[in-house]
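take a look and give me a structure for this.
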Amino acid sequence: MKLVTLILAAGQGSRMRSQRPKVLHTLAGRPLLAHVLDTAAALSPRRRIVVYGHGGEAVKAAFAATQDLDWVEQAEQLGTGHAVAQAIDHFDDDEAVLVLYGDVPLIRPDSLTPLVAAASAGRIGLLTAELADPTGYGRIVRNAEGAVQAIVEHKDATPEQLRIREVNTGLMAIPGGRLRTWLTRLNNDNAQGEYYLTDLIAMAVADGVPVEAVAVADANETLGVNTRAQLAALERLYQGRAAEALMAAGLSLADPARFDLRGRLTLGQDCYVDINAVIEGDVSFGNGVVIGPNCIIRDSTLGDGVVIEANSIVDGARVDAGAQVGPFARLRPGAELERTAKVGNFVEVKKAVLREGAKVNHLSYIGDAEVGRKVNVGAGTITCNYDGVNKHRTVIGDGAFIGSGTNLVAPVVVGAGATIGAGSTITRDAPAEKLTLSRARQSTVPGWKRPEKQ
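Numbers count the residues shown, from 1 in each chain. Modelled structure (predicted):
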């Protein structure tokens, strides 16, 4: 039986106190809904259907580039059963329909596989959880033999039912034909005046369709987001899971509780990450990479033995084996450091290549440039690459020495082995193997006195 995933994402999320649709609030740097879509995709469904409502155009726009999505509007939020009914024309009778929630981002595909298997065999697959405090959750009501009979919402439960600790997570898989029939029989005769999808369980029992309740191994997987506090709690759960997986893969973390992964990290052996590091986007570490405290590494590739010192930002850069960055350095998109290159404290590099062994150690800006092998760039050097309209390129040949406090006004070429005297402003090409400098003549004014206050 083919699978269709149906993701309910129409809620307003009023308790978030936000103009942003709830499912667009971010977990680990990505919208909540993105995590659920990834989980759905891992199950290889024929289609992924998203039921949207509040802020629907913004939600659709955020996923405009995502393939194989069917969008279904729920103009009025009249309950989960009503939401599923809006998609009744998007699945076939011979398909299993897996119901997911756009604000439940931590669920794992492995936890959903048994539900899909049950629905494919003509049963209902229902995911349940045992909670120490089940307040607010629908209770799983079983008969004396332990078979599921119904789900009773908290506000409709009797005092005896409120003592039940097994709860409904909302996640279920249902044969498409059965679902279509039962949706037409739903009513809103309950305390909330809503159409509950959970009422299908009692209908299934009445029709003799088995309900296969599967207890989730980790109840945290089924936690949803209704408040910013809950979102923050799920962030720490997600990051704890990510840290455990990376440590199992060989990464050493100074403190797993002070590590944030907001993307994907691939790594070699014997890498170390100090506290408060943030990894964003697609990042790759070679062997023996060391990341100092308070660093941000985004969409970058770091080769073997690379060291990123404290408080540095590496964004859209390539850093080859043995290179060193920081502390307090910033590599912007297009920065490339070849083997053993060095970028020191308070240096910014943008769209520039530092060839093997090149050094920019202090207080400099290198933008739109090529810095040759074993070049030494002195403190306070600036490549003046922007004329107010266009960017221009600076090229520094192998082995050149750039004195401190130099302005290289692009477009300009400094020849191989050239020396630029400290304090120079270079506006024309400097020849190879020569000393070039531009300084006003120093003079001392005789008889000058410092002004005094009157």
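
all helices of the stretch 151-300 of the chain, in order?
Secondary structure of the stretch 151-300 of the chain (DSSP state H, counting those that start in this stretch): helices at 159-162, 176-183, 199-206, 228-248.

among the ones you listed, which comes closest to residue 367?
Evaluated over the helices of the stretch 151-300 of the chain, closeness to residue 367 peaks at helix 228-248, with 33.5 Å, by CB to CB. Any C-beta I mention is one placed from the backbone N, CA and C, and that applies to glycine too.

now the closest one: average pLDDT?
Computed over helix 228-248, the mean pLDDT rounds to 97.

pull out the buried residues from that helix.
Of the residues in helix 228-248, those buried by neighbour count under the rule 16 or more other CB atoms under 10 Å are 231, 234-235, 237-239, 241-243, 246.

please apply the same query to stretch 424-432.
Of the residues in stretch 424-432, those with enough neighbours to count as buried (16+ other CB under 10 Å) are 424, 426, 430.

sort out for me which of the residues you listed are in strands.
Among the buried residues of stretch 424-432, the subset assigned to strands under DSSP state E consists of residue 426.

make CSV from the buried residues of stretch 424-432 and add pLDDT and distance to residue 104 to it.
CSV is the format used below for the buried residues of stretch 424-432 (pLDDT from 0 to 100; distance: CB to CB, whole Å):
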residue, pLDDT, distance to residue 104
424, 97, 62
426, 97, 60
430, 98, 63
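
alpha carbons of the helix or strand of the chain with the lowest mean pLDDT, as CSV, please.
Lowest by mean pLDDT, DSSP states H and E among the helices and strands of the chain is strand 148-152, with a mean of 91. Output for strand 148-152, consisting of C-alpha atoms alone and laid out as CSV, is shown next (Å, rounded to 0.1, in the frame of the first residue of the first chain):
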residue,chain,number,x,y,z
VAL,A,148,-8.0,0.3,22.6
GLN,A,149,-11.6,1.4,22.7
ALA,A,150,-11.5,5.2,22.4
ILE,A,151,-9.5,8.4,22.9
VAL,A,152,-11.1,10.9,25.3
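
ok, that strand: who's next to it in the sheet?
Take DSSP bridges as the rule and strand 148-152 pairs in its sheet with strand 139-142 (antiparallel).

what is the mean pLDDT for the strand it pairs with?
On average, the pLDDT along strand 139-142 is 94.

and that strand, what's buried?
Neighbour count says strand 139-142 has 139-141 buried, by 16+ other CB under 10 Å.

and what of stretch 34-54?
The neighbour-count criterion (16+ other CB under 10 Å) identifies 34-37, 39-40, 43, 45, 47-54 as the buried residues of stretch 34-54.

off-centre distance for the least confident helix or strand of the chain?
How far strand 148-152 lies from its chain's middle: 38 Å, per CA atoms, centre = their mean, to the nearest Å.

now the end-to-end length of stretch 27-37.
Between the opening and closing residues of stretch 27-37 we find a distance of 13 Å, counting by CA to CA, to the nearest Å.

hmm, who's touching it?
With CB atoms under 8 Å, 6 or more residues apart in numbering as the contact definition, stretch 27-37 has outside contacts at 7, 9, 22-26, 48, 50, 59, 62-63, 66, 69, 100-107, 225, 231, 234-235, 238-239, 242, 260-263, 280.

what is the burial count for residue 415?
Here the neighbour count serves as a burial measure; for residue 415 (other CB atoms under 10 Å) it reads 19.

pretty sure it sits against residue 431.
Yes: the pair formed by residue 415 and residue 431 meets the contact definition of CB atoms under 8 Å, at 5.1 Å.

contact partners of the least confident helix or strand of the chain?
Taking CB under 8 Å, 6+ apart as the criterion, the residues outside strand 148-152 that touch it are 126, 138-143, 158, 161, 168, 196, 198-199, 201-202, 205, 211, 213.

ok, now stretch 269-283?
The set of residues external to stretch 269-283 that reach it, using CB under 8 Å, 6+ apart, is 29, 250-255, 258-266, 285, 287-302, 310.

domain map for the chain?
With automatic domain parsing serving as the domain definition, the record reports that the chain contains domains spanning 2-222, 244-436.

comparing those domains by mean pLDDT, which bottoms out?
Comparing the domains of the chain by mean pLDDT, the weakest confidence falls on domain 2-222, with a mean of 94.

need the buried ones from the contacts of stretch 27-37 selected in ChimeraX.
Buried members of these, identified by 16+ other CB under 10 Å, are gathered into one ChimeraX selection as follows:
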select :7,9,22,23,24,25,48,50,59,62,63,100,101,102,103,104,105,106,107,225,231,234,235,238,239,242,260,261,262,263,280
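
one step back: let's have the buried residues of stretch 424-432 in CSV, adding distance to residue 445.
Supplementary listing: the buried residues of stretch 424-432 in CSV, determined by distance: CB to CB, whole Å:
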residue, distance to residue 445
424, 24
426, 28
430, 32
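
which among the buried residues of stretch 424-432 gets closest to residue 447?
Sorting those by how near they are to residue 447, with CB to CB, puts residue 424 at the top with 30.7 Å.

my guess is the closest one contacts residue 409. True?
No: under the criterion of CB under 8 Å, residue 424 lies out of contact with residue 409, with a separation of 10.4 Å.

quick one on the thing from earlier: inside helices: which ones of the buried residues of stretch 34-54?
Among these, the subset assigned to helices under DSSP state H consists of 34-37, 39-40.

can you redo the residues you listed as a markdown table with distance to residue 90?
Formatted as a markdown table, the entries for those read as follows, by distance: CB to CB, whole Å:
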| residue | distance to residue 90 |
| --- | --- |
| 34 | 21 |
| 35 | 22 |
| 36 | 17 |
| 37 | 16 |
| 39 | 19 |
| 40 | 14 |
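
which of these lies closest to residue 340?
Distances from residue 340 to those, taken as CB to CB, are shortest for residue 34 (39.0 Å).

next one: that closest one from residue 280, what distance?
Look at residue 34 and residue 280: by CB to CB, to the nearest Å, they are 14 Å apart.

residue 49 now?
Counting by CB to CB, the gap between residue 49 and residue 280 amounts to 30 Å.

for residue 113, same thing?
30 Å.

residue 209 too?
Residue 209 sits 46 Å away from residue 280 when distances are taken as CB to CB.

what angle do the helix or strand residue 97 falls within and helix 176-183 make?
With elements delineated by DSSP states H and E, residue 97 resides in strand 95-101, which encompasses its position. Taking axes from the mean of the first three to the mean of the last three CA atoms, to 10 degrees, strand 95-101 and helix 176-183 form an angle of 60 degrees between their directions.
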